[in-house]
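> structural data only, the sequence is not supplied:
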Ligand SMILES: [Cu+2]
């Protein structure tokens, strides 16, 4: 019997060591970078500990009962088949655990849905297979671009070794300032996509013909990667999301640069159209001259 409890102890400590190692491993959640992500992470860990406690409690009682009261020890089974007390206990305790878990979860879900009074608003549109971003309100208003996978084809076809951010890199990052409430308005152009950035605690479907929204406030500058999380066709795995969080000053610089390019693009477009108009006028003049001559 002593050997058994020693074995159980060893088994449990190996399990505990294993789970503590998992916390820092790549299989765990990424390090939370927003209040919501932190809430989700804390609750996830707390729930796992509750599950572990229930697991140990239930299996402990079960194995104890089976081993201690086995027939070979000459144990005689009790002869009853109904106990109101036991039934009340095993209904009330799980209910209390569920309510204790649901309260903080509900609070977090309500906070996730509260997209009111944002510092800036960006529309994200899902396409097969890329994302389009339009800065609708706040600093950078008017910026608009597409964000496509930038992993080289050769890596996809195993002709080159895979890079560090294989399938999690894009040509144009979604750039936002740190510490600002960013509201993301979501829709899609073709099929349902989903905008998912785990480190920021954001996951929301983008549905064609409908508007959904979500928000995040990034705690610290950095690059946070995500993916489309709704099966959307053959290149579903090839439309990652990269959010680049900059400090306020760098963001202002980035936004000004982007907007300058937009307006210079508009100026050159206007120049082209003036050229076209004057070209057309000249052509009309030439035709009129021609007809006069005839
Ligand atoms: Cu998609």
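That came through, no problem. Remember, it's a predicted structure, so these values are computed and weren't measured experimentally.
> near the ion, which residues of this protein?
Residues of the chain lying close to the ion (Cβ under 5 Å from the ion) are 193, 228, 232. Where you see a C-beta, it was placed from the backbone N, CA and C, and this is true even at glycine.
> for the first one, what are its contacts?
If I follow you right, that is residue 193. Contacts were defined as Cβ atoms under 8 Å, 6 or more residues apart in numbering; by that measure residue 193 touches 126, 127, 131, 205, 206, 228, 230, 232, 239.
> just give the nearest non-adjacent residue to the second one, would you?
Spatial nearest neighbour of residue 127, excluding adjacent residues (Cβ to Cβ, 6 or more residues apart in numbering): residue 189 at 4.9 Å.
> ok, the fourth one next?
Nearest residue to residue 205, sequence neighbours excluded (Cβ to Cβ, 6+ apart): residue 194, at 4.8 Å.
> is the one you found in contact with residue 229, as I believe?
Yes: with contact taken as Cβ atoms under 8 Å, residue 194 and residue 229 are classed as touching, separated by 4.0 Å.
> of the two, which one has the most company?
Neighbours were tallied for residue 194 and for residue 229 using other Cβ atoms under 10 Å; the higher tally belongs to residue 194 (22 against 18).
> any idea how far residue 232 is from that one?
Residue 194 sits 8 Å away from residue 232 when distances are taken as Cβ to Cβ, to the nearest Å.
> before we move on, which element is residue 60 in?
helix 35-68 (DSSP states H and E).
> what segments of the stretch 101-250 of the chain are helices?
Chain-ordered helices for the stretch 101-250 of the chain, with DSSP state H, counting those that start in this stretch as the definition, fall at 153-156, 248-293.
> lowest-confidence stretch among the ones you listed?
For the helices of the stretch 101-250 of the chain, mean pLDDT drops lowest on helix 248-293, to a mean of 71.
> looking at the stretch 1-150 of the chain, what residue ends up closest to the ion?
Using Cβ to the ion, residue 126 is the residue of the stretch 1-150 of the chain that sits closest to the ion, at 5.3 Å.
> which residue is the nearest non-sequential neighbour of that residue?
With Cβ to Cβ, 6+ apart as the measure, residue 193 is the residue that lies nearest to residue 126, at 2.9 Å, once sequence neighbours are left out.
> where does that neighbour land on pLDDT?
Here the pLDDT value assigned to residue 193 is 97.
> next: residue 105.
Looking at residue 105, its pLDDT stands at 96.
> how about it: what's its closest non-neighbour residue?
residue 43 (6.1 Å).
> which residue does the stretch 51-200 of the chain have closest to the ion?
Among residues of the stretch 51-200 of the chain, the one nearest the ion by Cβ to the ion turns out to be residue 193. It sits 3.3 Å away.
> so what's the residue of the stretch 1-150 of the chain closest to the ion up against?
With contact taken as Cβ under 8 Å, 6+ apart, residue 126 is in contact with 186-195, 206, 228, 232, 239.
> follow-up on the earlier one: just checking, what packs against the helix holding residue 60?
When contacts are defined as 3 or more Cβ pairs under 8 Å, 6 or more residues apart in numbering; DSSP states H and E, helix 35-68 packs onto helix 2-23, helix 84-113.
> lowest average pLDDT across these?
Set side by side, the helices and strands packed on helix 35-68 differ in mean pLDDT, and helix 2-23 is lowest with a mean of 63.
> if you rank the contacts of residue 126 by neighbours, which is first?
With neighbours defined as other Cβ under 10 Å, the most crowded of the contacts of residue 126 is residue 193; it has 31 neighbours.
> nearest spatial neighbour of residue 200, skipping sequence neighbours?
Once flanking residues are discounted, residue 200 sits nearest to residue 216: 4.2 Å by Cβ to Cβ, 6+ apart.
> correct me if wrong: the one you found contacts residue 202.
Yes: A contact is recorded between residue 216 and residue 202 when judged using Cβ under 8 Å, the distance being 5.0 Å.
> looking at these two, which is more packed in?
Remark: of residue 216 and residue 202, residue 216 carries more neighbours, 25 against 22, as counted by other Cβ under 10 Å.
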